[in-house]
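Undergrad: I would like to see how this sequence folds:
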Amino acid sequence: MEDKKKVVFSGIQPSGNLTIGNYFGALKSWVKLQYKYDCYFCVVDLHAITVRQEPRNLRRRTLEVLAIYLAAGIDPEKNTIFIQSHVPTHSEAAWLLNCFTYVGELERMTQYKSKAKKYGSTAEGVSAGLLNYPVLMAADILLYNADLVPVGKDQTQHIEIARDIAERFNNAYSPTFTLPKGYIPEGGAKIMDLQEPSKKMSKSSTNPNSYVLIMDPPEVIKRKINRCVTDSVGIVKYTDDQPGVKNLINILAAITGMSYGEIETKYDGKGYAEFKNDVADALIKELSPIQDRVNQFLNDKKYLESIYKRGAEKACYVSGKTLRKMQKKMGFIPAAK
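TA: So this is what the prediction gives:
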């Protein structure tokens, strides 16, 4: 009898255009995971609205993220791919789990503190959704009894709170949820800001030269890489003392599979101009076929609809069973059929 595959859950917000940080840090590793695990890949549009979104842009980006998933090589025949808001169990389970979560632990979340500082002075202020964000994320994960959640090192706090919430529920009633573990993919490159290489590359940055978008045209990629911050040392070396150069080496290594040492040797005695030019060319070569496939998918809305409809149906079925268990254990009367 074949062993049951472990379950993986992950998602990306359509709150901005996706960067090469999303591609190298998440999507490339997801493609590898799909051959080994039972994967649920979600466009987490409910998470995006913790900060006010322009409705037209949210709709456009939601479909674009879905198209990028497919173009990057995530196979809808092997994975469950869906849009979060199409599966109402996520919102309902989040409310139930809110009642097993403490305000103090939500206020201590690093991401909440940084975003509250950023948005606290705006006209809208900080929404309760921003505070409750980790509970919805816990619901996303626990509804599918995910064993593994691919995350960056800066997101492990979210997995910890999901585990805490799950343990409280399990202890209050009976074992219901699998306790998820964060999965930091091997070789998953952490791509840094091109202008401030001490910071992670982010699609929410106000400086467009600080990131490369997956859908950036070739001339824009070249310009951004040529303008990226390096240093006055003039040597291509993989060291924390040269964070800008180290970041470019990470990008080139992620594309070519070359080791850091091989890249250092190749550019020994050569200046940054040739190095940057080669990084830009490698990026363009990597992204061009993906961009072509994204545009093909976006021009076939019926096909995209068939993918997210089928994915939502399976996600509703699986998550619905978990939600009904939660409701029964908590004492809710089952809805009449």
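Undergrad: residues touching Gln327, list them.
TA: 96, 334 (CB atoms under 8 Å, 6 or more residues apart in numbering). For glycine as for every other residue, the C-beta is placed from the backbone atoms N, C-alpha and C.
Undergrad: what helix or strand does it sit in?
TA: Using DSSP states H and E, Gln327 sits in helix 301-330.
Undergrad: next one: that helix to chain centre, how far?
TA: 20 Å (CA atoms, centre = their mean, to the nearest Å).
Undergrad: swap in stretch 164-175?
TA: Chain-centre distance of stretch 164-175: 27 Å, with CA atoms, centre = their mean.
Undergrad: Show the contacting residues for Gln195.
TA: By CB under 8 Å, 6+ apart, the residues touching Gln195 are 207, 209-210, 228-229.
Undergrad: if I've got this straight, it is in a strand?
TA: No: read with DSSP: H, G, I helix; E, B strand; the rest coil, Gln195 is coil and lies in no strand.
Undergrad: ok, so what distance separates it from Arg168?
TA: For Gln195, the distance to Arg168 equals 42 Å [CB to CB, to the nearest Å].
Undergrad: again, but for Val233
TA: Noted for Val233: a distance of 51 Å to Arg168, by CB to CB.
Undergrad: How about the secondary structure of Phe9?
TA: Put simply, Phe9 is strand when judged by three-state DSSP.
Undergrad: Check the spatially closest residue to it that is not a sequence neighbour and give its pLDDT.
TA: Excluding its sequence neighbours, the residue lying closest to Phe9 (CB to CB, 6 or more residues apart in numbering) is Ala146, at 3.9 Å. We have a pLDDT of 98 for Ala146.
Undergrad: Which parts of stretch 144-164 count as buried, going by neighbours?
TA: By neighbour count with 16 or more other CB atoms under 10 Å, stretch 144-164 contains the buried residues 144-151, 155, 157-159, 161-164.
Undergrad: gap between the two ends of it?
TA: Using CA to CA, to the nearest Å, the end-to-end distance of stretch 144-164 comes to 17 Å.
Undergrad: contacting residues for the nearest residue to Val212 once chain neighbours are set aside?
TA: Nearest non-adjacent residue to Val212, counting by CB to CB, 6+ apart: Ile20, 4.8 Å away. The contact partners of Ile20, by CB under 8 Å, 6+ apart, come to 191, 201, 211-214, 251, 283, 287.
Undergrad: now those residues as JSON lines including neighbour count and pLDDT?
TA: JSON lines is the format used below for these (neighbours: other CB atoms under 10 Å; pLDDT from 0 to 100):
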{"residue": "Ile191", "neighbour count": "24", "pLDDT": "92"}
{"residue": "Met201", "neighbour count": "24", "pLDDT": "92"}
{"residue": "Tyr211", "neighbour count": "25", "pLDDT": "95"}
{"residue": "Val212", "neighbour count": "25", "pLDDT": "96"}
{"residue": "Leu213", "neighbour count": "20", "pLDDT": "96"}
{"residue": "Ile214", "neighbour count": "23", "pLDDT": "96"}
{"residue": "Ile251", "neighbour count": "26", "pLDDT": "95"}
{"residue": "Leu283", "neighbour count": "23", "pLDDT": "97"}
{"residue": "Leu287", "neighbour count": "23", "pLDDT": "97"}
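Undergrad: so of those residues, which ones are in helices?
TA: 251, 283, 287 (DSSP state H).
Undergrad: CSV for these, including distance to Arg56?
TA: Rendered in CSV, the data for the ones in helices among the contacts of Ile20 read as follows (distance: CB to CB, whole Å):
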residue, distance to Arg56
Ile251, 32
Leu283, 29
Leu287, 25
